[in-house]
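In: Any chance you could fold what I've pasted below:
(chains A and B)
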There are 2 protein chains.
Amino acid sequence: MKKIINDPATVVADALRGMALAHADLLDVQYDPAVVVRADAPVPRKVAVVSGGGSGHEPLHGGFVGRGMLDAACPGAVFTSPTPDQVQAALARTDGGAGAVLIVKNYTGDVLNFETGAELAAVDGVDVRTVVVDDDVAVRDSLFTAGRRGVGGTVLVEKVVGAAAERGVGLDGCEALARKVIGQVRSMGLALSPCTVPHAGQPSFALGDDEMELGVGIHGEPGRRRVPLAPADSLVPALLDPILADLPFAEGDRVLLFTNGMGGTPLMELYLAHGIAERLLAERGITVERRLVGPYVTSLEMQGMSLTLLKLDDELVELWDAPVRTAALRWGV
Amino acid sequence: MKKIINDPATVVADALRGMALAHADLLDVQYDPAVVVRADAPVPRKVAVVSGGGSGHEPLHGGFVGRGMLDAACPGAVFTSPTPDQVQAALARTDGGAGAVLIVKNYTGDVLNFETGAELAAVDGVDVRTVVVDDDVAVRDSLFTAGRRGVGGTVLVEKVVGAAAERGVGLDGCEALARKVIGQVRSMGLALSPCTVPHAGQPSFALGDDEMELGVGIHGEPGRRRVPLAPADSLVPALLDPILADLPFAEGDRVLLFTNGMGGTPLMELYLAHGIAERLLAERGITVERRLVGPYVTSLEMQGMSLTLLKLDDELVELWDAPVRTAALRWGV
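Out: All right, here's what the predicted structure looks like:
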C-alpha cells in the first residue's frame, strides 16, 4: 500500500487538520466528534443544510461546506458511515432556528446513523427533514444498500438546496426542492482500477488488466457487469444510455451534465469523455445548459468516472448559478 | 494500459474538444495549430500572458486560461513541447497591442520551441518577453533540461502576472513581476507510482512496491534518489527542507504554500501532507499567508505530490487575491 499517510488509524483526523489549516477562512473543524462546519455557523434564521458520509470521497462532503452550499459535513472513517453523535453535533452547531435539511446518500449504514442523529437533534429541539439521494441507476438492492445507491447527484442536491437556504427559502421549501432534485437526477459510473482503504491495506476488489467494472459503486461495490476494456466512444454510451432510459430523459429536455472523476483518472480523460457525452446528448436533442467536470465524488485513488444528468428548469438553473464559496466549488464570490 | 480514450494519436485534440464544450463561456479552442484562447481575446491595450507545454499536466495550462490569468495556452502532445507555430498562433490571437509575456517551464524542448515561436511573433510585430520558470530544487541539469526544471511554481507565476496584466500593468512591469516571482519560488516533488503516456503504452519508469522517487520531475524524470516508502511525517520534510535551504527561506518570511497532487493521489492525502507542512513552517517562524491545495500540475495518473513555496510581500498577496475566472482557479467573479 503506497499512501502519503502516517497511521491508518488517524488518517481522517490528520487530513482534517490539514483541511482546517488550508481553509481557515471558510471552515471550522471540530474533532470529537468530527464535524466540518461553516466558519460563520450558525447563520441566524437560515435553514441549515447538513450532509456527510464516509471519508475517502473528497472533496465530498467537507469540500462543499461554505456559503451557498453546506453548513456542515460529518466525515466518517474511510468508506464508513459517520456516527449518530457526529450528526447530532453537526445539527447542533448549525442550528439557526429555522430547521435543517439533512442530505443522506442511500447506503444502509448512512441512512440508519443519520436517522438516529436526526432523532437526537429533534430531542434537542431542531426540526430536521431528512432526504435520501438514490441517483445510481446501475443496481438496485446492492451489497451495501436497499434500493439504489447515492452517488454523484448528491453534489447537485447540496448545491441547489444550499443556494435556496442562503436566499432565505424556508424549511418546507428547501425540503421540497431537495426532493425535486433527487427526483430529476440520475448517475452511473465505471471503474478501471480498484482502490485501497488505508486500514484494509489491500485493494477493495480485483480487476484483470483488460477488464473494467461497469456500474461500480463509490466504495468499489460490484456493478452491473464486468466487461472488457473498450474505447471511450463505447464507454460513454454504456454509462449514458442507462441514465437516459431510466428517468427517462427525452428530446427537448434541458440538463446539467456532470462528468465526475473517481480520483485516479487524469483530467484529460474526463474532458475527453465529457465531450463525447455532450455530443451524444446533442444528437438526441437534449440541451446541455450547465456542466461540471472534475473529481468531485472520488473513491480514493480509483481510476474511473461517472456521469450524472440533472433535468433542469429555470428555478434549478438560477440556484445552480447562485454564488457559492467552498473549498471545492466557488464562483460569484 | 487502462485509459478512457479512443486513439492515443488523437487524445489531445479529443480532450480539447471536451474542454471547449465544458467551458464555452471562458474558452475558444482552435485545433490547427492547437491553442486554447480566452474567449474575449484579444483584450485591447492589455499585455497578453501566454504559456503552454506538453499535455498530460492538466489543468496546467489550459485550465488557467481566462480573466485574470492566461490569455492563451499552447498544448503540446502528451509530455511533448508545443511547436513554434502553436506559440506564434497564440501570440497572434491574443495580441492587444501592448505586447506579451511568454511563460515557459525550463525544459530544453519548450525553451527552444517557445523561443522560435516568439521570434516568429516578433516578425509579426508583437513585442514578446520570454521568462523561464526553473523552480525545482531537486536536480540541476537533468535528463531533459539544462539548469533546473520548471514545475509547480509556474501556476503562481501565471496567476500573479495575469492579475497584473488585467489591472493594466505594462509590458516592462509584467516582465519584471514574472522575474520577481521566479526568483522567489521553489518546489520539489516525489512520486509513489509512475504514469503511462498513451502513445508509449508502458509506464514511464518502474518503482518497487516499497520505493518512491524523491525529487521526481513532472514527466517522471529521475529525482535525487530512490528511497524506501516512509510515513508522511518523514516525506513532507524530505520535500520541504531542501526548498527552505535553497532560497533560503528564513524566520519572519511570509509565504504562499502550494501543496500539489500529481494526478493519482487522493485529496485526503494532500490535505494530510499540507497540514504537516504548515506545522513545520510555523515551527520555523515562517508565516503561511496563502495556500493552494489540489491537483494543479499533474503527471497523468501518477501518484505523488509536490510542495511549492513562494515568498510573499504585500504586492504579491494583492495580486494573488485579485479576481480570477478560469476552469481550474476561480474566485472573486
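In: in the sheet, who's paired with residue A:105?
Out: The partner list for residue A:105 in beta bridges (DSSP bridges) reads residue A:133.
In: mind checking pLDDT for it?
Out: pLDDT for residue A:105: 98.
In: Near it, how many other residues are there?
Out: Neighbourhood size, residue A:105 [other Cβ atoms under 10 Å in any protein chain shown]: 29. C-beta here means a position set from N, CA and C on the backbone, and glycine is covered the same way.
In: doesn't residue A:154 make contact with it?
Out: Yes. Using Cβ atoms under 8 Å, residue A:105 makes contact with residue A:154 at a distance of 5.5 Å.
In: Now do the shared contacts for these two.
Out: Common contacts of residue A:105 and residue A:154 (Cβ atoms under 8 Å, 6 or more residues apart in numbering or on different chains): residue A:133.
In: low-scoring stretches of chain A, by residue?
Out: A:143-144 (pLDDT under 70).
In: ok, now with 80
Out: A:141-145 (pLDDT under 80).
In: mind listing the strands for it?
Out: In chain A, the strands defined using DSSP state E lie at A:27-31, A:34-38, A:48-55, A:72-78, A:100-105, A:128-133, A:185-191, A:211-214, A:225-228, A:254-261, A:287-294, A:304-311, A:324-325, A:330-331.
In: Dump those into CSV; add distance to residue B:101 as well.
Out: Listed next are these as CSV, based on distance: least, Cβ to Cβ, whole Å:
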stretch, distance to residue B:101
strand A:27-31, 35
strand A:34-38, 39
strand A:48-55, 42
strand A:72-78, 41
strand A:100-105, 45
strand A:128-133, 46
strand A:185-191, 42
strand A:211-214, 44
strand A:225-228, 48
strand A:254-261, 32
strand A:287-294, 28
strand A:304-311, 36
strand A:324-325, 30
strand A:330-331, 26
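In: Would you mind finding the most buried of the ones you listed?
Out: Comparing the strands of chain A by mean neighbour count (mean count of other Cβ atoms under 10 Å in any protein chain shown), strand A:48-55 comes out on top with a mean of 30.
In: Just checking: what are the partner strands of that strand?
Out: For strand A:48-55, pairing defined by DSSP bridges yields strand A:72-78 (parallel), strand A:100-105 (parallel).
In: Show me which residues of the stretch 51-200 of chain A sit near chain B.
Out: A:55-56, A:58-59, A:63, A:192-193 (Cβ under 8 Å from any Cβ of the partner chain).
In: how about 6 Å then?
Out: A:58-59, A:192 (Cβ under 6 Å from any Cβ of the partner chain).
In: Out of those residues, which is nearest to residue A:176?
Out: Closest approach to residue A:176 among those (Cβ to Cβ): residue A:59, at 26.8 Å.
In: give the contact list for the closest one.
Out: Going by Cβ atoms under 6 Å, 6 or more residues apart in numbering or on different chains, residue A:59 touches A:328, B:267.
In: And for residue A:265?
Out: Applying Cβ under 6 Å, 6+ apart, the residues near residue A:265 are A:303, A:305.
In: ditto for the one 5 residues further on
Out: Applying Cβ under 6 Å, 6+ apart to residue A:270 gives the contacts A:259, A:261, A:293.
In: and if you look at residue A:211?
Out: Shown in contact with residue A:211 (Cβ under 6 Å, 6+ apart): residue A:226.
In: repeat that for 10 Å
Out: A:191-192, A:226-229, B:2 (Cβ atoms under 10 Å, 6 or more residues apart in numbering or on different chains).
In: now residue A:305
Out: By Cβ under 10 Å, 6+ apart, the neighbours of residue A:305 are A:152, A:188-192, A:232, A:235-236, A:239, A:259-262, A:265, A:269-270, A:273-274, A:277, A:293, A:295, B:4.
In: So what pairs up with it in the strands?
Out: residue A:190, residue A:261.
In: picking that back up, quick check, nearest of the contacts of residue A:270 to chain B?
Out: Chain B has its nearest neighbour among the contacts of residue A:270 in residue A:293, at 4.8 Å by Cβ to the nearest Cβ.
In: correct me, but the closest one touches residue A:274?
Out: Yes. In this structure, residue A:293 is within contact of residue A:274 by Cβ atoms under 10 Å, at 5.0 Å.
In: Mind listing the shared neighbours of those two?
Out: What both residue A:293 and residue A:274 touch, as defined by Cβ under 10 Å, 6+ apart, is the set A:257-260, A:305, B:18-19, B:21-22.
In: Now tabulate those residues in a markdown table and tack on distance to residue B:173.
Out: Converted to a markdown table, these look like this (distance: Cβ to Cβ, whole Å):
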| residue | distance to residue B:173 |
| --- | --- |
| A:257 | 41 |
| A:258 | 41 |
| A:259 | 40 |
| A:260 | 41 |
| A:305 | 43 |
| B:18 | 36 |
| B:19 | 31 |
| B:21 | 36 |
| B:22 | 34 |
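In: and which of those residues is nearest residue A:323?
Out: Each of those was checked against residue A:323 using Cβ to Cβ; the closest is residue A:258, at 19.2 Å.
In: need the contact list for the residue lying closest to the closest one once chain neighbours are set aside.
Out: Closest residue in space to residue A:258, ignoring its immediate chain neighbours: residue A:308 at 3.9 Å, by Cβ to Cβ, 6 or more residues apart in numbering or on different chains. By Cβ under 10 Å, 6+ apart, the residues touching residue A:308 are A:135-136, A:151-156, A:185-189, A:239, A:243, A:255-260, A:292, A:296-297.
In: again, but for residue A:190
Out: Here residue A:190 is in contact with A:138, A:212-216, A:223-224, A:227, A:230, A:235-236, A:238-239, A:262, A:273, A:303-307, B:4 (Cβ under 10 Å, 6+ apart).
In: got it, and residue A:20?
Out: A:26-31, A:36, A:62, B:271, B:275, B:278.
In: likewise residue A:2?
Out: A:196, A:301, B:191-193, B:207, B:209-212, B:229, B:264-265, B:303-304.
In: likewise residue A:294?
Out: Neighbours of residue A:294 in contact, by Cβ under 10 Å, 6+ apart: A:59, A:258-261, A:267, A:270-271, A:274, A:328-329, B:22, B:59, B:63, B:294-295, B:327-328.
In: do that again at 8 Å, thanks
Out: A:259-261, A:267, A:270.
In: Now the two most distant members of these.
Out: A:260 and A:267 (11.5 Å).
In: overlap in contacts of the two?
Out: Taking Cβ under 8 Å, 6+ apart as the contact rule, residue A:260 and residue A:267 both touch A:294-295.
In: number of nearby residues for the residue lying closest to residue A:69 once chain neighbours are set aside?
Out: Spatial nearest neighbour of residue A:69, excluding adjacent residues (Cβ to Cβ, 6+ apart): residue A:162 at 3.7 Å. If you count neighbours by other Cβ under 10 Å, residue A:162 ends up with 30.
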